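Student: Provide a 3D model corresponding to the input given below.
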Amino acid sequence: MKFDLQHQDPKSRARAGRIETDHGSIETPIFMPVGTAGTVKGVHQHELHNEVKAQIILGNTYHLYLRPGTDILQEAGGLHKFNGWNKPILTDSGGYQVYSLSGRRKIKEEGVTFQSHIDGSRHFFSPERAIDIQRQIGGDIIMAFDECTPYPCEYNYAKKSMHMTHRWLKRCCEHFDNTEGLYDYKQTLVPIVQGSTYSDLRKQSAEAIASFDRAANAIGGLSVGEPAEEMYKTTDLVCNILPQNKPRYLMGVGTPENILECIALGVDMFDCVLPSRNARHGLLYTSEGIMNMKNAKWKDDFSPIDSNSTCTTSRFYTKAYLRHLIHSKELLGAQIATLHNLSFYLWLVGEARKHIIAGDFASWKDQMLRKVKTRL
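Tutor: Sure thing, here's the model as predicted:
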């Protein structure tokens, strides 16, 4: 993987760049739709390509490991061939899902033993096993195995966890460097900064992660319940330490407001389930604000869902029709809303890129923040 830093905004740390992978290029800043089980829920691959204009999607190691299983994925030739997506894929390590199974897992130095949420069967992930599984899945960008601490988190636990994450990273790197990919393209391993919301721990972790000199770096353990101000403070601190010439990935973030603020702090890559999950409940993000399609005010509004959208679906269907579908729990309603929200997120980061290149990102961001926070 290669990264070309192309432009820097003069009044913030916002950057525009390009990441090159064997499955194509990614223009940053970028938002990555989450395809938990090998699919972005309710959206065809050709819609992700043509409507959403996604450049990269995510696959979830924990879920794909359990279903359909990595043997099936390897037999298919990797996730790209299994799901028909021919652009880049990023896979997480399973660490976050293991964190979320707090009552079903046991963490030790060797790794994590956990119970499947599907059938209760017991499994074990170690740093080495997480690399092997991601080799089988075949993501272009794969994540190091880490522990995501909860919020709030007691200082000593956060410190102990952070140091274990660093030791696990060393094992990940050694195993990755001593093994070969299973398919005809290169994979890139990305380490993750941890340390909860403690500035001294985050500084230590960012310095430690940077010292591994991998092709990209990630910031984990945020958007887990902490106030937005804490997220921004931590992101600001870490981005000041991570190297300028490598992409920075803020994991699991977030709302349009979060994304704009963190682009300004120097983040290049984002992912979050919010646009697709909230779409299924009728919450839409637009360039003018947030719409709850369950509200009665939309029942006789026959204007397009968003006439300014780059998504033809959003310009074709009306608010009244989408409200009807959402209320009737029709699958098409969730599909239309998901296409709209993901298209908006990709439009938002695309516009951010344009304004970074034009040199007026800071003023544009201030205008957009007022809009994206508005409830329509």
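
Student: for the protein, what helix or strand is lowest in average pLDDT?
Tutor: Lowest mean confidence among the helices and strands of the chain (mean pLDDT, DSSP states H and E): helix 95-100, at a mean of 72.

Student: what about the next helix or strand after that helix, distance to the chain center?
Tutor: Scanning forward in sequence from helix 95-100 by DSSP states H and E, the next helix or strand is strand 105-108. Chain-centre distance of strand 105-108: 25 Å, with C-alpha atoms, centre = their mean, to the nearest Å.

Student: If we go by neighbour counts, what in strand 105-108 is buried?
Tutor: Neighbour counts over strand 105-108 (16 or more other C-beta atoms under 10 Å) mark Arg105 as buried. In this view, the C-beta of every residue, glycine as well, is placed from N, C-alpha and C.

Student: start the count at 265, not 1, going forward
Tutor: New numbering, starting at 265: the last item is strand 369-372.

Student: Give me the packing partners of the very next helix or strand once past that strand, helices and strands only.
Tutor: Later in the chain than strand 369-372, the nearest helix or strand by DSSP H and E is strand 375-379. The contact analysis (3 or more C-beta pairs under 8 Å, 6 or more residues apart in numbering; DSSP states H and E) places strand 375-379 against strand 369-372, strand 386-389.

Student: for the ones you listed, which one sits closest to Asp335?
Tutor: Closest to Asp335 of the helices and strands packed on strand 375-379 is strand 386-389 (C-beta to C-beta; 14.2 Å).

Student: What is the closest one packed up against?
Tutor: Packing contacts for strand 386-389, counted by 3+ C-beta pairs under 8 Å, 6+ apart, involve strand 375-379.

Student: 10 Å instead, please
Tutor: With contacts defined as 3 or more C-beta pairs under 10 Å, 6 or more residues apart in numbering; DSSP states H and E, strand 386-389 has these neighbours: helix 325-330, helix 359-364, strand 369-372, strand 375-379.

Student: average pLDDT across stretch 503-513?
Tutor: For stretch 503-513, mean pLDDT is 98.

Student: in that stretch, what's buried?
Tutor: Under the neighbour-count criterion of 16+ other C-beta under 10 Å, stretch 503-513 has Cys503, Ile505, Leu506, Lys510, Pro511, Arg512, Tyr513 buried.

Student: where exactly do the helices run in the stretch 465-614 of the chain?
Tutor: In the stretch 465-614 of the chain, the helices defined using DSSP state H, counting those that start in this stretch lie at 492-505, 520-528, 538-543, 576-580, 583-591, 595-622.

Student: buried ones in the longest one?
Tutor: Neighbour counts using 16+ other C-beta under 10 Å place 597-617, 619-620 of helix 595-622 among the buried residues.

Student: any idea how far the residue positioned nearest the centre of the chain is from His591?
Tutor: Computing the C-alpha centroid of the chain and ranking residues by C-alpha atoms, centre = their mean puts Asp535 first, at 1.8 Å. Using C-beta to C-beta, to the nearest Å, we find Asp535 at a distance of 30 Å from His591.
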